[in-house]
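Participant: Sequence first, predicted model second:
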Amino acid sequence: MNRLAAAAVMFALLAPAAGRAGDHTNLEEDLPIAVTDAKPIGYLGREIQSLFRYEHTDEDEDSFLTELRLELGFPRNGQISISGAYLFGEVEPDGFQPVRAEFLYNVNQETTLLPSFAFAAALDFPVGNDAHGFDPAVKAILTKTIPFTELFQQVHLNFEGRFNHETRSDERTQAWRAVAGYSVRLGPQTIGLLDVVREVTLKRDHEENLVEAGLRHQLTPLLVITGGVGAGFGDESPAIRSTVGFQYAF
């Protein structure tokens, strides 16, 4: 069974890219803001996604994060992604961040009454000097198109729960993030985004609140560029967060 799964993944990665294209309406997490949608990329589709983020923290420190993500549309109605990130600046601990492997599956197509729903399961692998434990996560994602309007508008609800496998004295055993978002087509190639984020992190006594806005623009049939900015409110929240990125179908 493992050989069959590995063969299927290799076939998808090596399959010709004819007919594939980037999709600026298919929201991707953190490209450029936290909100994502319940739609996976197309079957056997392949994308390279990358982002660069600046954050001024509640402790008056400047941090920078760069992330690279590979996404594969497999099986039908699902997608597999692998991502890794590097954190640097004034924050500690910096360096390589845990590598995340994630599987997302769309359970149902949207109807007049029902939203589209997807679930995801992820595992964070310890990478870097400060890494410890294998931390699993689960996600629930709902997307609903707003009816009776000329504009293409959608509302989104995301929830992620994380579990700390090896808890340290300054950490929680569990963490979670909830996102409420809105997207609207601003033109043939441009999507506007808004969201509100509430996150309880693995760091003990640390909680964050953010309001974010962003744009996704289809620069070419294969390339989508993104940019967004957010402001925090409440204790422990970052003062500002800004992100630029791209996704490229190949």
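Facilitator: Okay, I see it. Residues are numbered from 1 along each chain as shown.
Participant: what's the pLDDT at L4?
Facilitator: With respect to pLDDT, L4 has a value of 45.
Participant: if I pick the most centrally placed residue in the chain, what's in contact with it?
Facilitator: Taking Cα atoms, centre = their mean, the centroid of the chain lies closest to E29, which sits 2.1 Å from it. Counting by Cβ atoms under 8 Å, 6 or more residues apart in numbering, E29 touches 35-36, 158. In this view, the C-beta of every residue, glycine as well, is placed from N, C-alpha and C.
Participant: can you tell me which of the residues you listed are in strands?
Facilitator: Counted as lying in strands by DSSP state E, out of the contacts of E29, are N158.
Participant: Of the contacts of E29, which is the most crowded?
Facilitator: Counting neighbours by other Cβ atoms under 10 Å, the top entry in the contacts of E29 is V35, with 29 neighbours.
Participant: how close does V184 sit to E150?
Facilitator: Separation of V184 from E150 (Cβ to Cβ, to the nearest Å) stands at 11 Å.
Participant: So if I had to pick from these two, which one is more boxed in?
Facilitator: V184 (15 against 5).
Participant: got a list of what that one touches?
Facilitator: By Cβ under 8 Å, 6+ apart, the contact set of V184 is 151-154, 191-192.
Participant: which secondary element of this structure has the worst mean pLDDT?
Facilitator: helix 2-14 (a mean of 48; mean pLDDT, DSSP states H and E).
Participant: Could you give me the buried positions within stretch 72-89?
Facilitator: For stretch 72-89, a neighbour-count test (16 or more other Cβ atoms under 10 Å) marks 72-74, 77-81, 83-85, 87 as buried.
Participant: Specify which member of those is nearest to F119.
Facilitator: G78 (10.2 Å; Cβ to Cβ).
Participant: thought the closest one was touching V107?
Facilitator: No. Using Cβ atoms under 8 Å, G78 is not in contact with V107; the gap is 10.2 Å.
Participant: And what about L193, helix, strand or coil?
Facilitator: Assigned with DSSP: H, G, I helix; E, B strand; the rest coil, L193 falls in the strand class.
Participant: Report the beta-bridge partner residues of it.
Facilitator: For L193, the beta-bridge partners are S183, G214 (DSSP bridges).
Participant: Assess the claim that it and L31 are in contact.
Facilitator: No. Using Cβ under 8 Å, L193 makes no contact with L31, being 9.7 Å away.
Participant: Please enumerate the shared neighbours of the two.
Facilitator: R216.
Participant: about what we covered before: tabulate the buried residues of stretch 72-89 (JSON lines), appending distance to L51, pLDDT and secondary structure.
Facilitator: Below are the buried residues of stretch 72-89 laid out as JSON lines (distance: Cβ to Cβ, whole Å; pLDDT from 0 to 100; DSSP: H, G, I helix; E, B strand; the rest coil):
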{"residue": "L72", "distance to L51": "18", "pLDDT": "98", "secondary structure": "strand"}
{"residue": "G73", "distance to L51": "20", "pLDDT": "98", "secondary structure": "coil"}
{"residue": "F74", "distance to L51": "23", "pLDDT": "98", "secondary structure": "coil"}
{"residue": "N77", "distance to L51": "25", "pLDDT": "97", "secondary structure": "coil"}
{"residue": "G78", "distance to L51": "23", "pLDDT": "98", "secondary structure": "strand"}
{"residue": "Q79", "distance to L51": "17", "pLDDT": "98", "secondary structure": "strand"}
{"residue": "I80", "distance to L51": "19", "pLDDT": "98", "secondary structure": "strand"}
{"residue": "S81", "distance to L51": "13", "pLDDT": "98", "secondary structure": "strand"}
{"residue": "S83", "distance to L51": "10", "pLDDT": "98", "secondary structure": "strand"}
{"residue": "G84", "distance to L51": "12", "pLDDT": "97", "secondary structure": "strand"}
{"residue": "A85", "distance to L51": "9", "pLDDT": "97", "secondary structure": "strand"}
{"residue": "L87", "distance to L51": "12", "pLDDT": "96", "secondary structure": "strand"}
